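**Student:** With the sequence up front, the predicted model follows.
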Amino acid sequence: MLNSHKKRIGKTRNKQTGIAAISLAAVTIGGFAALPEAAWAQTPSPLAEWQYSAGIALQKLWQPNLPDWQLRIGAAASFQPRYEGSDQYHVMAGPSIDVRYKDLFFLSSGEGLGVNFAQGRNWRASLSAVYDLGRRGHDDPQELNGLGNINPAPGLKLAGEYVVSKDFPLVLRADVRRYFGGSNGWTGDFGAYMPMPGSSKKFFWFAGPNVTLADSTYMNSWFGVNQNQAAHSQYRQYHASAGFKSVGFGISAIYLIDKHWFATADGAFEQLVGSAGSSPVTRSRANGVADVSINYRF
């Protein structure tokens, strides 16, 4: 009985290891570092933060000798809310790019421009420059009239990822971001994901949850209504407190077309909570996103 139980455990672990190993093929040709969000990767979106770099942390476990250069480019389209908390959607399109050098420096439409300043076999810590396109009144004139714009702004992101083990390839991820201008605040994410059953030599997918927090400056930029805004808009004055902003769940997948070409697809659901969910600017607490891209690996 005990031996039978051990065999079942062994088979489960082998299956998990196989799934993770298969997912490495996706990472090897670019995985999800070249994600569909393209030029809008740094703008608030229902996509979980881990989806912008899914698979990268798993790569070295199965491919310790990485090539010096990894380059992928592509084109993408995304169906997402007009602004965070909107009940109206639109399509955005643009390029995606991911360049990595010696598992050290990277330039990515998902992760920004940065460096892995500390790393091990199953973990890494990175610092990158990111960019937030902000929110414009014309994104949804009917709902945002009188609120003014949240200007585009650069920011810094400190992130860390840790893979539990080869036998159990769960990736734990955390990051904190500070924007200089625009929302001018702090925000952070905690997430986890892992390769899912059903992957094959040509198809791979990941799934996992995500939670986002923000300080009062950031929350009031996006969800607050100050006295001046209340006087020029349809909304009452509202103060958004620091704390949890949203919880969500995401799925990211890749299909290998041939040696160079691959397609990616993402879906995510986000539920605004706390002050963000209660804001008069929020027309829908539940937001979703779906995007696809076609990419080429050199």
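**Tutor:** Right, received. Where do you want to start?

**Student:** Now for Phe117: which residues touch it?
**Tutor:** Going by Cβ atoms under 8 Å, 6 or more residues apart in numbering, Phe117 touches 125-127. C-beta coordinates here come from the backbone N, C-alpha and C atoms, glycine included.

**Student:** State the helix or strand in which it lies.
**Tutor:** Here Phe117, judged by DSSP states H and E, is contained in strand 112-120.

**Student:** Check which residues of that strand are buried.
**Tutor:** 112, 114, 116, 119 (16 or more other Cβ atoms under 10 Å).

**Student:** repeat for stretch 156-167
**Tutor:** Those would be 157-163, 166, for stretch 156-167 by 16+ other Cβ under 10 Å.

**Student:** go on, stretch 58-77?
**Tutor:** 58-62, 66, 70-74, 76.

**Student:** Which two of those have the greatest separation?
**Tutor:** Leu61 and Ala76 (27.6 Å; Cβ to Cβ).

**Student:** beta partners of Ala265?
**Tutor:** Ala253, Val292 (DSSP bridges).

**Student:** Let me see the contact set for Gln142.
**Tutor:** Contacts of Gln142 by Cβ under 8 Å, 6+ apart: none found.

**Student:** Kindly state the pLDDT recorded for His5?
**Tutor:** His5 is assigned 42 on the pLDDT scale.

**Student:** re earlier: tell me which residues of the helix or strand that the strand holding Phe117 is followed by are tucked away?
**Tutor:** Scanning forward in sequence from strand 112-120 by DSSP H and E, the next helix or strand is strand 123-132. Across strand 123-132, burial judged by 16+ other Cβ under 10 Å covers 124-126, 128, 130-132.

**Student:** So of these, which two are at opposite extremes in space?
**Tutor:** Arg124 and Asp132 (23.3 Å).

**Student:** Distance of Tyr218 relative to Tyr131?
**Tutor:** Applying Cβ to Cβ, to the nearest Å, the value for Tyr218 to Tyr131 is 16 Å.

**Student:** do the same with Arg121
**Tutor:** Where Tyr131 is concerned, Arg121 sits at a distance of 31 Å (Cβ to Cβ).

**Student:** Over to Gly191?
**Tutor:** 21 Å.

**Student:** Let me know the pLDDT of Thr282.
**Tutor:** With respect to pLDDT, Thr282 has a value of 97.

**Student:** What about it, how many residues nearby?
**Tutor:** Number of residues near Thr282 (other Cβ atoms under 10 Å) recorded here: 21.

**Student:** Check Lys245 too.
**Tutor:** Around Lys245 there are 26 residues (other Cβ under 10 Å).

**Student:** what's it sitting at in phi/psi?
**Tutor:** phi -100, psi -40 (degrees, to the nearest 10).

**Student:** Run a quick check on it versus Ser216, I expect a contact.
**Tutor:** No: look at Lys245 against Ser216 with Cβ atoms under 8 Å: they stay out of range, at 11.2 Å.

**Student:** Please save the CA atoms from the strand holding Phe117 in PDB.
**Tutor:** Written as PDB, here are the backbone C-alpha positions of strand 112-120 (Å, rounded to 0.1, in the frame of the first residue of the first chain):
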ATOM      1  CA  GLY A 112      11.100  47.600 -19.300                       C
ATOM      2  CA  LEU A 113      14.800  48.400 -19.600                       C
ATOM      3  CA  GLY A 114      16.700  46.800 -16.800                       C
ATOM      4  CA  VAL A 115      19.300  44.500 -15.200                       C
ATOM      5  CA  ASN A 116      19.200  41.300 -13.200                       C
ATOM      6  CA  PHE A 117      21.500  42.600 -10.400                       C
ATOM      7  CA  ALA A 118      21.300  39.500  -8.300                       C
ATOM      8  CA  GLN A 119      20.400  35.900  -9.200                       C
ATOM      9  CA  GLY A 120      20.800  32.200  -8.600                       C
END
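
**Student:** Can you show me the helices along the stretch 151-298 of the chain?
**Tutor:** 216-223, 227-232, 274-278 (DSSP state H, counting those that start in this stretch).

**Student:** got these as CSV, with mean pLDDT, mean neighbour count and distance to Val171 columns?
**Tutor:** Listed next are the helices of the stretch 151-298 of the chain as CSV, based on pLDDT from 0 to 100; neighbours: other Cβ atoms under 10 Å; distance: least, Cβ to Cβ, whole Å:
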stretch, mean pLDDT, mean neighbour count, distance to Val171
helix 216-223, 97, 22, 26
helix 227-232, 96, 12, 40
helix 274-278, 97, 20, 26
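
**Student:** Dump those into a markdown table; add distance to Ala54 as well.
**Tutor:** Output for the helices of the stretch 151-298 of the chain, formatted as a markdown table (distance: least, Cβ to Cβ, whole Å):
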| stretch | distance to Ala54 |
| --- | --- |
| helix 216-223 | 25 |
| helix 227-232 | 37 |
| helix 274-278 | 25 |
